[in-house]
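J.: can't give you the sequence, but here's the structure:
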């Protein structure tokens with residue numbers, strides 16, 4: 001199964017090989033239409049490749065000290081085997097320093113909550 005995370009404004013995020021991404025989909029309760037929860041991914045760890053470093057520094061305003069703006073988010077699409085399985089917003093949770101000055105990023109993707117109450 002080939003998985004990609006696409007940031008429409010920036011490109012495709014490099015992943016640690018072909019890893020499965022755990023997604024949680026919520027079913028709406030028709031008795032409580034105003035209490036809907038968004039779909040979301042569990043924490044996804046991505047490598048600090050040149051591509052990812054450039055993308056994340058630009059989107060999340062990451063500084064030299066590894067601090068970032070936790071309020072920033074960007075549109076993201078998860079595609080598996082050429083099929084879109086989730087559209088939503090990606091947030092950066094953590095920047096980790098590894099040996100040899102390499103980085104890893106922990107991200108989370110939350111689905112867009114498209115419903116009648118959101119549109120109104």
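T.: That came through, no problem. Fair warning: this is a prediction, and the values are worked out from it, not measured in the lab. Numbers count the residues shown, from 1 in each chain.
J.: Around residue 84, how many other residues sit close by?
T.: By other C-beta atoms under 10 Å, 10 other residues sit near residue 84. Every C-beta, even on glycine, is put in place using the N, C-alpha and C of the backbone.
J.: Now name the helix or strand holding it.
T.: strand 83-97 (DSSP states H and E).
J.: Could you give the number of residues near residue 101?
T.: When neighbours are counted by other C-beta under 10 Å, residue 101 comes out with 7.
J.: From residue 1, how far out is it?
T.: Distance of residue 101 to residue 1, computed by C-beta to C-beta, to the nearest Å: 32 Å.
J.: same check, this time on residue 83
T.: 10 Å.
J.: what's the answer for residue 45, then?
T.: For residue 45, the distance to residue 1 - C-beta to C-beta - is 18 Å.
J.: of the two, who's got more company?
T.: The neighbour count for residue 45 versus residue 1, taken as other C-beta under 10 Å, is higher for residue 45 (14 against 8).
J.: how about residue 49, what does it touch?
T.: residue 14 (C-beta atoms under 8 Å, 6 or more residues apart in numbering).
J.: So what does it have for phi and psi?
T.: Dihedral pair for residue 49: phi -80, psi 170, per degrees, to the nearest 10.
J.: With residue 60 instead?
T.: phi -100, psi 10.
J.: Quick check, pLDDT for it.
T.: With respect to pLDDT, residue 60 has a value of 90.
J.: can you tell me which residues contact it?
T.: So residue 60 contacts 68-69, 72, 92 (C-beta under 8 Å, 6+ apart).
J.: re earlier: hey, what's in contact with both of residue 83 and residue 1?
T.: Joint contacts of residue 83 and residue 1 (C-beta under 8 Å, 6+ apart) do not exist.
J.: how about low-confidence regions in the protein?
T.: Segments of the chain classed as low confidence (criterion: pLDDT under 70) are 18-41, 112-120.
J.: and with 80 instead?
T.: 1, 17-42, 64, 111-120 (pLDDT under 80).
J.: I'd like to know which elements the strand holding residue 84 is packed against.
T.: helix 50-60, strand 74-80, strand 103-111 (3 or more C-beta pairs under 8 Å, 6 or more residues apart in numbering; DSSP states H and E).
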